[in-house]
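S.K.: A predicted structure for the sequence below; I have some questions about it.
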Amino acid sequence: MGHLAQLKDRILRSPHHSATAYDCILHLTGSRASLFQLHLLVRSLGLKPLTVTFNHGAMSDLERYHLDRALEVYDVDHIQFNPRKSILNRFRKEGPEVFANAAQAGMLDFTFRCARMYGVPIVVLDTGTVWPSKINPVTWLGLGFDHLDLRPYRFDLGSHENLEIFSLTEEPSDARNFFESEFPWADEAALTRRKTHDEKKWHEIEGRRKTTSERNPNRFRTQYEELAAKATPGVALFAKELRYCARCCMPETAEALAFDELGMCQPCRSSEQKMHINWVEREQKLRKILADHRSTDGANYDLVVPISGGKDSTFQLYVLTQNYGLRPLAVTFSHNWYTEVGKKNLTNSCDQFDVDHVIFTPRRKVINLLARKSLYMIGDSCWHCHSGVGSFPLFAAAKFEVPLLVWGESVSERDGRATYEKPILFDRDYFTKISARFYAEQMVDEELSLFDVKPYTLPSHEELTAKAVRGIHLGDYIFWDDERQTEFVRDYWGWLESDVEGAYKGFKSVECRMAGVHDYSKFVKRGFGRGTDQASLDVRAGLMTREEGFEIARRYDSERPDALDFYLEITGYNEEEFERILKEKRDGKAKNLP
């Protein structure tokens with residue numbers, strides 16, 4: 001039996017093999033040999049590998065480009081570990097032999113750790129993998145590293161027990177022509193062309209606060225844009241159809257929104273409550289929670305911080321590392337729609353606050369199917385993001401045995417379902433209740449299998465209870481002001497603003513190319529979008545009048561985003577279907593909208 005056939009036979013005959021699990025683990029880099037192994041596993045054997053990468057900090061731009069392209073070409077899930085930059089630099093200072101040994105140890109440790117975390121007993125490694133024989137953590141401790149510094153490099157020769165390890169041969173020469181047709185090797189010009197193409201495709205115009213129609217004045221206008229153009233200045237766009245908060249610009253169609261005897265909504269009441277809360281007392285409670293979860297032996301992370309690279313998660317890292325001296329593991333569920341600015345902010349945040357970082361990137365084809373189903377399930381394009389940002393951080397907390405999750409903004413800040421006096425406490429099902437609505441298992445159909453939705457599946461109650469996993473929001477313990485916090489991380493920590501469709505401020509969701517589709521969907525379904533959200537916050541803060549807020553909301557909410565073209569392309573919908581589905585999701589007074 002040939003080497004490849006033997007591997008497939010071993011996988012299929014494994015007692016652990018399941019149609020809902022990955023077939024094997026493959027460590028993936030941007031090298032030619034590594035990517036060809038992926039080609040053999042997926043195209044030749046028809047297997048479903050989980051690809052993993054330990055980023056040793058030495059990949060070139062071209063190798064990173066090839067790695068990103070491979071994930072799309074072969075449509076595989078991917079998890080990557082990015083060690084702290086300071087640790088990589090310290091290994092480099094110790095000399096090339098120490099650095100090479102550390103990089104190899106980190107790669108093996110993370111690969112085998114992923115195999116155990118995901119319950120996959122078969123690992124595929126490069127034929128050129130050299131098992132480090134000079135790895136001695138005691139020696140490294142003597143060089144000034146501490147136990148947590150070395151946590152990603154704790155490889156030992158027994159760490160692969162109960163795992164079957166395969167190495168695939170180097171590519172045959174007759175496969176090179178085919179492979180080079182998919183990957184333009186050693187072509188820096190190709191990388192430049194790809195970046196330029198992406199920037200034009202996604203209309204990333206940094207530093208400009210213009211609406212879509214202002215950028216493209218001659219384009220076709222939708223019925224909502226025509227309606228907004230004819231609206232009375234300073235008056236709510238749907239004043240005849242809907243009731244609005246007496247203080248801000250929020251309409252009654254916002255989820256669970258209710259008005260008190262003064263006609264004020266819950267977010268307005270919550271903003272008043274913030275002024276009377278004893279924040280010193282709350283911050284002391286935060287200190288106790290953090291102290292109770294601080295690693296006692298210094299050998300593990302103190303907490304898990306879910307990050308997107310956005311302004312909130314950057315501020316979270318600042319507070320936790322700089323103010324409280326904690327050592328977190330940063331985790332990211334990538335929606336796979338990252339902007340270039342978002343990627344820069346994510347990397348910058350991890351580098352600035354010197355944290356280890358794990359990022360999971362799901363398959364693009366599955367995302368496309370979920371984006372289509374998401375529209376008629378929840379009236380939004382983004383179920384996979386709502387679900388993934390809840391499931392992966394919980395998974396990481398349980399598997400890395402770091403029980404405390406610390407999020408940023410409290411839902412009490414701007415949601416009709418909670419106030420600071422009656423917050424929604426975090427639990428396993430928090431994101432399902434708040435935004436995803438449906439569990440991963442409920443998304444399975446004739447196109448989506450249990451394997452497809454595996455990355456969105458929540459850990460069991462039993463596992464989370466056994467590991468004592470809990471979550472808190474910083475915004476419930478410290479006074480939250482995202483405008484001032486954004487200015488702070490921008491001016492002092494290099495965080496970048498950008499143009500965001502449907503928003504008049506350049507800081508919300510800058511990391512996502514599809515934010516405009518999410519907000520426009522809400523506008524069609526409920527009659528308000530990001531412009532209303534942001535204007536209402538400014539009205540509550542006394543930065544503008546209610547009439548000025550309605551003018552802002554009218555101008556931005558009704559704008560059809562350019563990103564909608566891409567959403568329609570990947571889902572197969574046409575624009576008429578898109579609007580019809582959203583209108584069918586209207587309930588209550590929203591049914592009165594045009």
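M.R.: Noted; the coordinates are in hand.
S.K.: please make it C-alpha for all contacts and neighbour counts, starting now.
M.R.: OK.
S.K.: buried residues in the longest helix belonging to the chain?
M.R.: Determined from DSSP state H, the single longest helix within the chain is helix 96-117. Within helix 96-117, the residues that qualify as buried are 98-99, 101-116, counting by 16 or more other C-alpha atoms under 10 Å.
S.K.: which parts of the stretch 451-594 of the chain are helices?
M.R.: For the stretch 451-594 of the chain, applying DSSP state H, counting those that start in this stretch gives helices covering 461-466, 482-493, 515-526, 530-540, 546-557, 563-571, 575-584.
S.K.: hey, where'd the strands end up in the stretch 201-350 of the chain?
M.R.: 303-306, 328-333 (DSSP state E, counting those that start in this stretch).
S.K.: before we move on, back to that, mean confidence for the helix or strand just after the longest helix of the chain?
M.R.: Using DSSP states H and E, the helix or strand that follows helix 96-117 in sequence is strand 122-125. On average, the pLDDT along strand 122-125 is 90.
S.K.: and for stretch 9-19?
M.R.: 74.
S.K.: contacts for that stretch, please.
M.R.: With contacts defined as C-alpha atoms under 8 Å, 6 or more residues apart in numbering, stretch 9-19 is touched by 23, 24, 119, 120, 121, 122, 451.
S.K.: how near is the second one to residue 69?
M.R.: Think residue 24. Computed as C-alpha to C-alpha, to the nearest Å, the residue 24 to residue 69 distance reads 20 Å.
S.K.: equivalent analysis for the third one, please.
M.R.: The gap separating residue 119 from residue 69 is 27 Å, by C-alpha to C-alpha.
S.K.: from residue 92, how far off is the closest residue to residue 449 other than its chain neighbours?
M.R.: Closest residue to residue 449 apart from its sequence neighbours, by C-alpha to C-alpha, 6 or more residues apart in numbering: residue 20 at 7.9 Å. Remark: distance between residue 20 and residue 92 (C-alpha to C-alpha) = 41 Å.
S.K.: if you count what's nearby, which of these two comes out ahead?
M.R.: More neighbours surround residue 92 than the other of residue 20 and residue 92, with 15 against 12 (other C-alpha atoms under 10 Å).
S.K.: for residue 494, the count of nearby residues, please.
M.R.: Using other C-alpha under 10 Å, residue 494 has 14 neighbouring residues.
S.K.: what's near enough to touch it?
M.R.: Residues near residue 494 by C-alpha under 8 Å, 6+ apart: residue 348.
S.K.: and if we set it to 10 Å?
M.R.: Applying C-alpha atoms under 10 Å, 6 or more residues apart in numbering to residue 494 gives the contacts 344, 345, 348, 349, 352, 488.
S.K.: and for the last one, the neighbour number?
M.R.: Read it as residue 488. Other residues within reach of residue 488, judged by other C-alpha under 10 Å, total 15.
S.K.: isn't it right next to residue 496, touching?
M.R.: No. Contact criterion C-alpha atoms under 10 Å: residue 488 and residue 496 do not qualify, at 11.3 Å.
S.K.: joint contacts of these two?
M.R.: With C-alpha under 10 Å, 6+ apart as the test, residue 488 and residue 496 both reach residue 311.
S.K.: quick check: which of the helices of the stretch 451-594 of the chain is nearest to residue 384?
M.R.: For residue 384, the closest of the helices of the stretch 451-594 of the chain is helix 515-526, at 12.2 Å, according to C-alpha to C-alpha.
S.K.: for that closest one, name the packing helices and strands.
M.R.: With contacts taken as 3 or more C-alpha pairs under 10 Å, 6 or more residues apart in numbering; DSSP states H and E, helix 515-526 sits against helix 530-540, helix 546-557, helix 563-571, helix 575-584.
S.K.: so for it, what gets flagged as buried?
M.R.: 515, 516, 517, 518, 519, 520, 521, 522, 523, 524, 525, 526.
S.K.: show me the shaky parts of the stretch 201-350 of the chain.
M.R.: 201-219 (pLDDT under 70).
S.K.: quick one: the helices in it?
M.R.: For the stretch 201-350 of the chain, applying DSSP H, counting those that start in this stretch gives helices covering 212-215, 223-230, 266-274, 279-293, 311-318, 340-352.
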